[in-house]
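Asks: Build me a model from this:
(one chain, ligands or ions: 3)
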Amino acid sequence: MPAIVLVGAQWGDEGKGKATDLMGGDVDYVVKFNGGNNAGHTVVIEGTDGTREKYALHLLPSGILTPSVTPVIGNGVVVDLEVLFDEIDGLEARGVDTSRLVVSASAHVIAPYNRTLDKVTERFLGARRIGTTGRGIGPTYADKMNRVGIRVQDLFDEGILRQKVEAALSLKNQVLVKIYNTRDVDADRVVEELLGYADRLRPLVRDTSLVLEQALDAGANVLLEAGQATLLDVDHGTYPFVTSSSATAGGACTGSGIPPTRVSRVIAILKAYTTRVGEGPFPTELFDDDGETLRSVGAEYGTTTGRPRRCGWMDTVIGRYANRINGVTDFVITKLDVLTGFDKVPVCVAYEVDGVRHDEMPVNQTDFHHARPVYELLDGWEEDISGCRTFEDLPSAAQAYVLRVEELVGARVSAIGVGPGRHEIIQRHALLD
Ligand code: GDP
Ligand code: IMO
Ligand code: MG
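Replies: Ligands and ions are numbered 1, 2, ... in the order given. A predicted model of the protein is given here:
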């Protein structure tokens, strides 16, 4: 049976958590394959009595909210153990069973000194900062690539753990003290802190690549859920204003140990407009009342840091690029309801860079910084669409918007979000075969 990849098409916060949760009933495993607790997924579940339960997930895969799903933290993830157990405890306190969770023995651990380094580096960069979430993500991936990282499996061998922490700190302490002018970090305290999690962690740890291969062989459906998004991918995003992991479909394979030949579908989540958190270029960004309306109606404040998200119109150059990089089979357009009430809805179809039209993402980053959006003005609609459950229920202008975006991004739109709730969605094509 197939593995399905779900990615963000823009700069994150497209509604991946909601889409994963929606598919939860039909999949057996949900695997987080990249990133860490820089992610923030809000999932809203309606009770039969009309009440709404809101869950904010950072490290656990969104599939954790579905009782039949086995949630997996893959090898490509960086794990903050304090956050992991806080999140587990928080969900258990609300009656969510988290006992099925499995964690890769090869996932890297966010050591406390990497949280410190993330923050002091940003401060040091000043105007050139990335605007990171400050969770230690970048330094932990840097350690992984630099081959001085700490892995989950290291917590079960105190001697090895001590050696690795000492090796990492021998350089880092020099940097912390001599360059950043802060205090050095005591290796014993780090080892003690990490060992404190070992007993609780041990029963969750598996060779998750093997678990997933056996599950696929047995006919299970596996959903590989990205954190972050295409334009935040370390290779394919707006470098250096990116996160430090592979958030695109290719990363789903390296971050889970599932080979590409197992993947049958790639679903990309595309918000009906665009948002971005942190620094970096954003051609369709709005600085006027329309941007403020998108932020307030769309509740565009970060799930992780609470920062106001930068808001702008739909950019289909980016959508086409996400299609190309990920090999998208299906788009899910989310938050169409947020566009209700605009007289005209502009859609960016191309860029103009120093007087030259670009129909595709400019490969040169400086060109992207200079890109001016070329807009097509589509008609808006006034009707409340949150109750629509079929495509035909939508006002004709909203239908036209979806069809034009579908044409411009180049792959079919299989579902459309019309509200935050689990059931506030229009399905045009099944997302699972
Ligand atoms: P993620 O990081 O991609 O999982 O997205 P976030 O959870 O950070 O941000 C998406 C926000 O939009 C969440 O608050 C969701 O509850 C909400 N949301 C998702 N789909 C829809 C939709 O179709 N309409 C509305 N109004 N809100 C939605
Ligand atoms: P989800 O999964 C939006 C952004 C940060 C910053 C840059 C690097 O909820 O879509 P990092 O802490 O990762 O080193 O920060 O990436 N960023 C996100 N923006 N949604 C996210 O995750 C993000 N994760 C990281 O704001 O600009
Ligand atoms: Mg988010």
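Asks: and the chain, which residues reach ligand 2?
Replies: 8, 11-13, 38-41, 130-133, 135, 137-138, 227-229, 232, 243-244, 277-278 (C-beta under 6 Å from any ligand atom). Glycine gets a C-beta too; all of them are placed from N, C-alpha and C.
Asks: if we go to 5 Å?
Replies: Counting by C-beta under 5 Å from any ligand atom, the chain comes close to ligand 2 at 12-13, 38-40, 131-133, 137-138, 227-228, 232, 243, 277-278.
Asks: Give me the buried entries from these.
Replies: Listed as buried from those are 12-13, 38-40, 132-133, 137-138, 227-228, 232, 243, 277-278; burial here means 16 or more other C-beta atoms under 10 Å.
Asks: any idea which of the residues you listed is closest to ligand 1?
Replies: The closest of those to ligand 1 turns out to be Asp13 (C-beta to the nearest ligand atom; 3.7 Å).
Asks: Now the closest one. Nearest residue, chain neighbours left out?
Replies: In space, Asp13 comes closest to Thr275 once its chain neighbours are excluded; the distance is 5.7 Å by C-beta to C-beta, 6 or more residues apart in numbering.
Asks: Which single helix of the chain contains the most residues?
Replies: helix 158-174 (DSSP state H).
Asks: which helices and strands sit right next to that one?
Replies: Contact analysis of helix 158-174 by 3 or more C-beta pairs under 8 Å, 6 or more residues apart in numbering; DSSP states H and E lists helix 112-125, helix 187-195 as its packing neighbours.
Asks: Could I get the average pLDDT for that helix?
Replies: On average, the pLDDT along helix 158-174 is 97.
Asks: The buried ones among the residues of the chain next to ligand 2 in helices, which ones?
Replies: Those of these lying in helices (DSSP H): 137-138.
Asks: Can you pick out the most distant pair from the buried ones among the residues of the chain next to ligand 2?
Replies: Maximum pairwise distance among these (C-beta to C-beta): 18.9 Å, between Asp13 and Gly138.
Asks: how many neighbours does Thr182 have?
Replies: By the measure other C-beta atoms under 10 Å, the count of residues near Thr182 is 15.
Asks: hang on, it is in a helix, isn't it?
Replies: No: Thr182: not assigned to a helix; according to DSSP: H, G, I helix; E, B strand; the rest coil it is coil.
Asks: check contacts around the closest residue to it other than its chain neighbours.
Replies: In space, not counting the residues next to it along the chain, Thr182 is nearest to Leu176; the distance is 5.1 Å by C-beta to C-beta, 6+ apart. Contacts for Leu176 were tallied using C-beta atoms under 8 Å, 6 or more residues apart in numbering; they are 113, 116-117, 120, 182-185.
Asks: can you redo those residues as JSON lines with pLDDT?
Replies: Putting those into JSON lines (pLDDT from 0 to 100) gives the following:
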{"residue": "Tyr113", "pLDDT": "97"}
{"residue": "Thr116", "pLDDT": "95"}
{"residue": "Leu117", "pLDDT": "96"}
{"residue": "Val120", "pLDDT": "94"}
{"residue": "Thr182", "pLDDT": "92"}
{"residue": "Arg183", "pLDDT": "93"}
{"residue": "Asp184", "pLDDT": "95"}
{"residue": "Val185", "pLDDT": "96"}
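Asks: rewinding a little: tell me the secondary structure of the residue nearest to Thr182, please.
Replies: Leu176, by the three-state scheme (three-state DSSP), is helix.
Asks: Need the max-distance pair from the residues of the chain next to ligand 2.
Replies: So for the residues of the chain next to ligand 2, where distance means C-beta to C-beta, the most widely separated pair is Asp13 and Gly138, at 18.9 Å.
Asks: For stretch 227-244, buried residues please.
Replies: Residues of stretch 227-244 classed as buried: 227-234, 236-238, 241-244 (neighbour count, 16+ other C-beta under 10 Å).
Asks: ok, and which of the residues you listed reach ligand 3?
Replies: On the criterion C-beta under 5 Å from the ion, none of the entries of the buried residues of stretch 227-244 sits beside ligand 3.
Asks: so which of the residues you listed would you say is closest to Leu394?
Replies: For Leu394, the closest of these turns out to be Ala229, at 25.5 Å, with distances computed as C-beta to C-beta.
Asks: Now do the contacts for the closest one.
Replies: 7-12, 14, 16, 237, 247, 322.
Asks: Starting from ligand 3, give me the distance back to the residue nearest to Thr182.
Replies: 30 Å (C-beta to the ion, to the nearest Å).
Asks: The longest helix of the chain versus helix 187-195: what angle between them?
Replies: The directions of helix 158-174 and helix 187-195 differ by 130 degrees, with axes from the mean of the first three to the mean of the last three C-alpha atoms, to 10 degrees as the criterion.
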